[in-house]
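K.L.:
Here's my sequence, what's the structure:
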Amino acid sequence: MTIYCNQNTKVAFFITVTLAVLVSCATVQQSGFTEFLPPPLNSEWERTEPVTGPADTQLFGGGTSTAADYSNVENGCSLRITMTGDAPMMQAFSMNFSNPAAAGLTGSQVAYAGDETIVITASGEVQTLTKNYLTQYAGDCDHETKLAYVAVTAFGELQTFRLPSTATRHKAPQVSTPGLQWDVAYGGPAKDWAYAMTGTYDGGLCTAGRTASQGAGLEDVWIVRIDGNGQLLWEKSFGGPAIDRGRAIVETPDHGLVIAGATESKGAGEFDVLVIKVDAEGKLVWDRHFGGSATDWASALTVTSDGGVALGAYTQDESGGPYDFWVIKLNGDGDLLWQRRYGGAETDWSNAITETADKGLVVVGHTESKGAGGADYWVLKLDASGEPLWDRTFGGEKTDYASAVTATRDGGVVVGGMTLSAGAGGFDIRILKLDSSGNVIWDQTLGGTSEDWVRAVVETRDGGYALAGYTMSQGAGLNDVWLVKLSDNGTLLWERTYGREANEWARALVELPDGGLALAGDTYSTGAGASDVLVLKISED
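P.N.:
Here you go, the predicted structure:
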């Protein structure tokens, strides 16, 4: 693959200050999320302990039920149920856990787990279904004797359920783990999303995303400023008559805010890169848009040591062909310093950018132009002028996307993303630590049996790393917010999920001055509209 670096790409550039600015009070609502405390993934502290349980139980179809009590089940135990049948299932089957109040179990949830299968025997044939057993997580280990109640219902013909006589207890490592301090949702009657968040000089937070609840067009850029307790300070929308979205936000040295994204309301192409600067009160300072005749989109933003900003974007040529990485460097007044494209013959899509200790830039995303699979991680290192220094690809024979990057104090970077080429389920998260030359220091894959995604990574003050994203492998709803903490060598320390019955996503993560963590994304479970901006504060311990 040839990496081409073209400073004279035929791209039209426009400078305007004509965006509509609208102010409207959003509905603020406590979201009331449940914090689940599942056992650590890939835990080395597992052990099997005996419980009192029944033998095989035969059930006839038509909704026949049975129940079993288990004593000596401690908080943190996992109960496995497997099923065989004398005839194929005619319909479905269901398994439900219930916990009488007398049992005293806390933090319980029902979740699919494991990579085995249900085997159904019929006329000498064996059928295999996925999702072989359900797991009951019951909070942290407290070494007290508890009672768990399991109810099983069968639909179809004669089935045999093998109810467990043992339980696996997950003993958590002895590390400080956080708690949910507050969570709040902001929004109007339609869809409102947060894609990015930054900490502010006064200990507060500011999110950037899009709103369909208010503004001048179909969707507008939406900025929400809150204090350190989640109280709304101000919110502003910016846009024209079509679609305008904010995808990244940073605080500048003068306490202003720069937002990058895309606009369909103006420019030369279908979408153009949009950059907005506002002051600390949300007043528009300047705005710029850059693009050609096809689609151009900013996905990431970083403050640079010279007081300017660098944008990570992707761009199409005039024919509307495959995308390329596109990096745009602006000074503090929004003036263009340089812009370069990087890519090969196929699609190359950037998702994140950071400035490194040597004042260079690292851009990450995925490439279909080279590598081992359909799409691979692509990590590209540039000097301060945009000249390529090195690039690396990581991936297997399937699909691998890099979605997040953070510079580390030792001059390297940590890259996070998703992989289908390795792991336990669908997409799992893959995190790599690279040194300043792009060499791998460590490589970690985490996930369950379903889909797990990472959208943000930060280096924490203790030298470890925190990752935010969402998971379908555990939690309360369809997708839940997922927060993971790693040590400096990539060892899993703890992980938490937050959510309710529908979808919750985390796309941004900030470490706060008090050592806590703030996550931002959106929720479909609570709020004023179809989806609302979601912000959660997680305490340090």
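
K.L.:
okay, CA-based contacts and neighbour counts for the rest of this
P.N.:
OK.

K.L.:
And the chain, split by domain according to the record?
P.N.:
Residue ranges for each domain of the chain read 27-45+175-186+450-541, 46-170, as given by automatic domain parsing.

K.L.:
Least confident of those, on average?
P.N.:
Confidence, taken as mean pLDDT, is least for domain 46-170 of the domains of the chain (a mean of 43).

K.L.:
pretty sure residue 191 contacts residue 214?
P.N.:
No. The criterion here is Cα atoms under 8 Å, and residue 191 misses it with residue 214 at 9.7 Å.

K.L.:
shaky segments in the stretch 301-450 of the chain?
P.N.:
In the predicted model of the stretch 301-450 of the chain, residues 319-321, 423-425 satisfy pLDDT under 70.

K.L.:
That one: strands as residue ranges?
P.N.:
Per DSSP state E, counting those that start in this stretch, the stretch 301-450 of the chain carries strands over the ranges 309-316, 323-330, 336-342, 348-355, 361-367, 376-382, 388-394, 400-407, 413-419, 428-434, 440-446.

K.L.:
in its sheet, what does the third one sit against?
P.N.:
Read that as strand 336-342. Counting by DSSP bridges, the strands paired with strand 336-342 are strand 323-330 (antiparallel).

K.L.:
that older thread, looking at the strands of the stretch 301-450 of the chain, which is nearest to residue 230?
P.N.:
Closest approach to residue 230 among those (Cα to Cα): strand 400-407, 24.9 Å.

K.L.:
The closest one - which strands sit beside it in the sheet, and in what orientation?
P.N.:
Here, using DSSP bridges, strand 400-407 pairs with strand 413-419 (antiparallel).

K.L.:
okay, the partner strand in CSV with CA atoms only?
P.N.:
Written as CSV, here are the backbone C-alpha positions of strand 413-419 (Å, rounded to 0.1, in the frame of the first residue of the first chain):
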residue,chain,number,x,y,z
VAL,A,413,0.0,5.6,22.9
VAL,A,414,-2.8,3.2,23.9
VAL,A,415,-5.2,2.2,21.0
GLY,A,416,-8.6,0.8,21.6
GLY,A,417,-11.1,-0.8,19.2
MET,A,418,-13.2,-3.8,18.2
THR,A,419,-12.3,-7.1,16.8
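
K.L.:
Tell me which residues are up against that strand.
P.N.:
Residues outside strand 413-419 that contact it (Cα atoms under 8 Å, 6 or more residues apart in numbering) are 356, 364, 377, 395, 398-408, 427-436, 452-457.

K.L.:
run the last query once more with 7 Å
P.N.:
399-407, 427-435, 453-454, 457 (Cα atoms under 7 Å, 6 or more residues apart in numbering).

K.L.:
what's the answer for stretch 203-212, then?
P.N.:
Here stretch 203-212 makes contact (Cα under 7 Å, 6+ apart) with 190-199, 218-228, 245-249, 513.

K.L.:
at 8 Å instead, please
P.N.:
Contacts of stretch 203-212 (Cα under 8 Å, 6+ apart): 190-200, 218-229, 237, 244-249, 259, 512-513, 520.

K.L.:
Would you list the buried entries among the residues you listed?
P.N.:
Taking 16 or more other Cα atoms under 10 Å as the criterion, what is buried in the contacts of stretch 203-212 is 191-200, 218-228, 237, 244-249, 259, 512, 520.

K.L.:
Lovely, talk soon.
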